[in-house]
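Student: Return a 3D structure for these sequence lines:
(one chain, ligands or ions: 1)
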Amino acid sequence: MQIGLVGLGKMGLSLAKNLVDHGHQVVAYDLKQPKLEGEYQANIKLTQSVEAMVEALPELKIVWSMVPCGEPTDQIIEKMQALLPAGSILIDGGNSNYKESVARGGRLASQGIHFFDVGTSGGVEGARQGACFMIGGDATVFQQIEPLFQDMAVEKGYLYAGPVGSGHYLKMVHNGIEYGMMQAIAEGFDVLEHGPFDYDYEQVARVWNNGSVIRSWLMELTESAFSKDEHLDEIQGKMFSSGEGKWTVEESLATQVPTPVITMALMMRYRSMYPDTFSGKVVAALRNEFGGHAVAKSDKN
Ligand SMILES: O=C(O)[C@H](O)[C@@H](O)[C@H](O)[C@H](O)COP(=O)(O)O
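Tutor: Numbering: from 1, shown residues only. You can find the predicted model right below:
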């Protein structure tokens, strides 16, 4: 098949190469154009504008957007809405908020453009070698693009989940789980770090990856990280987040579903962004006020 791809960042470029590996041709646009070699140079046609990209596609226009969620995705979708003829297929493979996907799907449907919201998991390696896709959109139209997912996904690694929105909803919950799992792994290693024994964390992760209940890709990545830096001395413990954990918690509040683990994992991310907290100062001050308990003096004094 021939696919238009907008966004050739780490994920987009890996997906483009994955498509080419499976015999597809890609017409791609990005402000920053990567250097391509060999069969990728021959089968990933770089264009100077999205207009040129759409123009270069055959009659059935299939466009995959792989740009950051929010404003950049909005801009691409708006452009596509203006450029694509009715009957075209537009796929958002980024980590968009499902509510935005539902709204976009509605707008595009009014022009006869079929929209698919696709949560993509597996990181850059997955995008390159075989990713996991959670797909929302029209079930009948999906049959036209299913071969793409058969090719790009790891074996059994794609699911037609339901109508527009269901793909990104599933990815949102996936990421909420990801937050909780990572936080649990991190806390376990923190206990080891402060415990009475001197463990080699790479070896701990290795043994846990061999036959234990908690063996997993995340534990393999833990093993890999400790193999490079045995006490992670080279990095800070700031845990950035790009939204999906927050959306999962918002959803759980809206539906009154208790999600203590995911919520705490999110709060820990926020907490990690500050070296000290005002709330901590308030509690310390109150203990001191009512009980004369000791406070640690700030460095400013
Ligand atoms: O499934 C995946 O491959 C990851 O979840 C991926 O999509 C991305 O690394 C996260 O979105 C990062 O999310 P945070 O920035 O919120 O940790």
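Student: from the chain's centre, how far out does stretch 180-193 sit?
Tutor: Distance of stretch 180-193 from its chain centroid, counting by Cα atoms, centre = their mean, to the nearest Å, is 21 Å.
Student: So what touches it?
Tutor: 199, 201, 204, 214, 216, 218-219, 222, 231, 261-262, 264-265, 268 (Cβ atoms under 8 Å, 6 or more residues apart in numbering). C-beta: built from backbone N, CA, C; applies to glycine.
Student: near the ligand, which residues of the stretch 201-301 of the chain?
Tutor: With Cβ under 6 Å from any ligand atom as the criterion, the stretch 201-301 of the chain meets the ligand at residues 240-242, 244-245.
Student: Now list the buried members of those.
Tutor: Of the members of those, the ones counted as buried by neighbours, 16 or more other Cβ atoms under 10 Å, are 244-245.
Student: Which ones among the contacts of stretch 180-193 lie within helices?
Tutor: Using DSSP state H, the subset of these located in helices is 201, 204, 218-219, 222, 261-262, 264-265, 268.
Student: picking up where we left off before, mind checking which of the contacts of stretch 180-193 are buried?
Tutor: Using 16+ other Cβ under 10 Å as the burial test, these include 201, 204, 218-219, 222, 262, 264-265, 268 as buried.
Student: in the strand ranked longest in the chain, what counts as buried?
Tutor: Longest strand in the chain, counting residues (DSSP state E): strand 153-162. Neighbour counts over strand 153-162 (16+ other Cβ under 10 Å) mark 153, 157-161 as buried.
Student: ditto for stretch 201-208
Tutor: Quick answer for stretch 201-208 (16+ other Cβ under 10 Å): 201-202, 204-206, 208.
Student: Just send the ones in helices among the contacts of stretch 180-193 back as TSV, with pLDDT too.
Tutor: Output for these, formatted as TSV (pLDDT from 0 to 100):
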residue	pLDDT
201	98
204	98
218	98
219	98
222	98
261	98
262	98
264	98
265	98
268	98
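Student: Which of those residues sits closest to residue 254?
Tutor: residue 262 (14.0 Å; Cβ to Cβ).
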